[in-house]
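Q: only geometry, no sequence info:
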């Protein structure tokens, strides 16, 4: 039985693991490693730091299905809707640009619920497994972790952001062709900060919208009443407010500690919403790699670094930075894995 390691428990990695299990069933041993303490990647649903049952989406906010993808990825949308994980966006979002024929969806249980859905049937999942190096050992890969120790696999799929791929020690960089290296070096990401403000259960946020795109701030680009936006039942919990900064602000403060940046964002938030009550807890997230601005040319879905033993890269940097881009990449990587295994 071939051992396959998928590095990254975000949408591309989780869907790739799920589809591989469905296609090859008991013919492969699938392992997923992620350096974080939970799954989701940029489809992250975070809990309140106070340990309560509050939650908020700090990453992706909703999913937009174009007419073409509604058709080509119909099975995925249908599966998630049938599982109650995806619903049409009904709440008002001020400043949202509607695309003709497109449908916007939200995740009542949080965006991370989609990732967890695909992981639930697919693989052995290991968190806090930070991959630092890849070394070719004959017909297998020896994969090293930051905490020490290593394991061998017959095939490795890398789905983390491209700069993190290029930082890996070992044989990877020597195996990349000049063209592949140039393509990876050309990938660019936006950066931003996100805040989640968690309020006590007796608080009611008096806002005329579920979310709003902000145009009159050099700091904040987007604010959302999280539960209202995702049609979620927040019974027993207080509301939560999600704030995303703009990309220029994110780049300006990228190398600063998030604890230094948080007060700047809060000051601007209370300028925009002066009647906002005080939260009982706050969580700040720095998204160094938020959305892909420049993908690998041609958006091939994947990049095969070595055919034997198989080493392949995937993720939105090889397609485009949204739900359907991750699906496209996962399908592309799946074809490579099936052909190899």
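A: Ah, there it is. Please read these numbers as outputs of a predicted model, since none were measured by experiment. Numbering: from 1, shown residues only.

Q: C-alpha from now on. contacts and neighbour counts both.
A: OK.

Q: which residues in the stretch 151-300 of the chain form strands?
A: 155-158, 169-170, 188-189, 192-198, 211-213, 220-225, 240-245, 281-287, 292-294 (DSSP state E, counting those that start in this stretch).

Q: Let me have these in a markdown table, extended by mean pLDDT.
A: Listed next are the strands of the stretch 151-300 of the chain as a markdown table, based on pLDDT from 0 to 100:
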| stretch | mean pLDDT |
| --- | --- |
| strand 155-158 | 98 |
| strand 169-170 | 98 |
| strand 188-189 | 98 |
| strand 192-198 | 97 |
| strand 211-213 | 98 |
| strand 220-225 | 98 |
| strand 240-245 | 97 |
| strand 281-287 | 96 |
| strand 292-294 | 98 |
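
Q: Ok, which of those strands comes nearest residue 309?
A: Nearest to residue 309, of all the strands of the stretch 151-300 of the chain, is strand 155-158, at 6.0 Å by Cα to Cα.

Q: Adding distance to residue 141 and mean neighbour count as columns, could you present the strands of the stretch 151-300 of the chain in CSV?
A: Shown next, in CSV, are these (distance: least, Cα to Cα, whole Å; neighbours: other Cα atoms under 10 Å):
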stretch, distance to residue 141, mean neighbour count
strand 155-158, 7, 25
strand 169-170, 10, 16
strand 188-189, 28, 18
strand 192-198, 35, 25
strand 211-213, 46, 20
strand 220-225, 43, 22
strand 240-245, 39, 25
strand 281-287, 30, 19
strand 292-294, 28, 17
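
Q: Would you mind telling me which of those is nearest residue 306?
A: Comparing these by Cα to Cα, strand 155-158 comes nearest, at 9.7 Å.

Q: Tabulate the strands of the stretch 151-300 of the chain in JSON lines, adding columns for distance to residue 43.
A: JSON lines is the format used below for the strands of the stretch 151-300 of the chain (distance: least, Cα to Cα, whole Å):
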{"stretch": "strand 155-158", "distance to residue 43": "17"}
{"stretch": "strand 169-170", "distance to residue 43": "27"}
{"stretch": "strand 188-189", "distance to residue 43": "16"}
{"stretch": "strand 192-198", "distance to residue 43": "13"}
{"stretch": "strand 211-213", "distance to residue 43": "18"}
{"stretch": "strand 220-225", "distance to residue 43": "16"}
{"stretch": "strand 240-245", "distance to residue 43": "14"}
{"stretch": "strand 281-287", "distance to residue 43": "11"}
{"stretch": "strand 292-294", "distance to residue 43": "14"}
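
Q: Of all these, which one is nearest residue 44?
A: Residue 44 sits nearest to strand 281-287 of all the strands of the stretch 151-300 of the chain, at 10.2 Å, using Cα to Cα.

Q: re earlier: mind checking which of the strands of the stretch 151-300 of the chain is nearest residue 338?
A: It is, among the strands of the stretch 151-300 of the chain and with distance given as Cα to Cα, strand 155-158, at 11.2 Å.

Q: Paired strands for the closest one, with orientation please.
A: Strand partners for strand 155-158, identified by DSSP bridges, are recorded as strand 2-7 (parallel), strand 310-314 (parallel).

Q: Moving C-terminal from the shortest one, which element do we reach first?
A: When you say that, I think you mean strand 310-314. Counting by DSSP states H and E, the next helix or strand C-terminal to strand 310-314 is helix 323-340.

Q: what about the stretch 151-300 of the chain, any weak spots by pLDDT?
A: Scanning the stretch 151-300 of the chain with the threshold set as pLDDT under 70 gives 233-236.

Q: mind listing what residue 128 touches?
A: Contact partners of residue 128, counting by Cα atoms under 8 Å, 6 or more residues apart in numbering, are 33, 34, 35, 36, 37.

Q: Counting only helices, which of those residues make the cut?
A: If you go by DSSP state H, these have nothing in helices.
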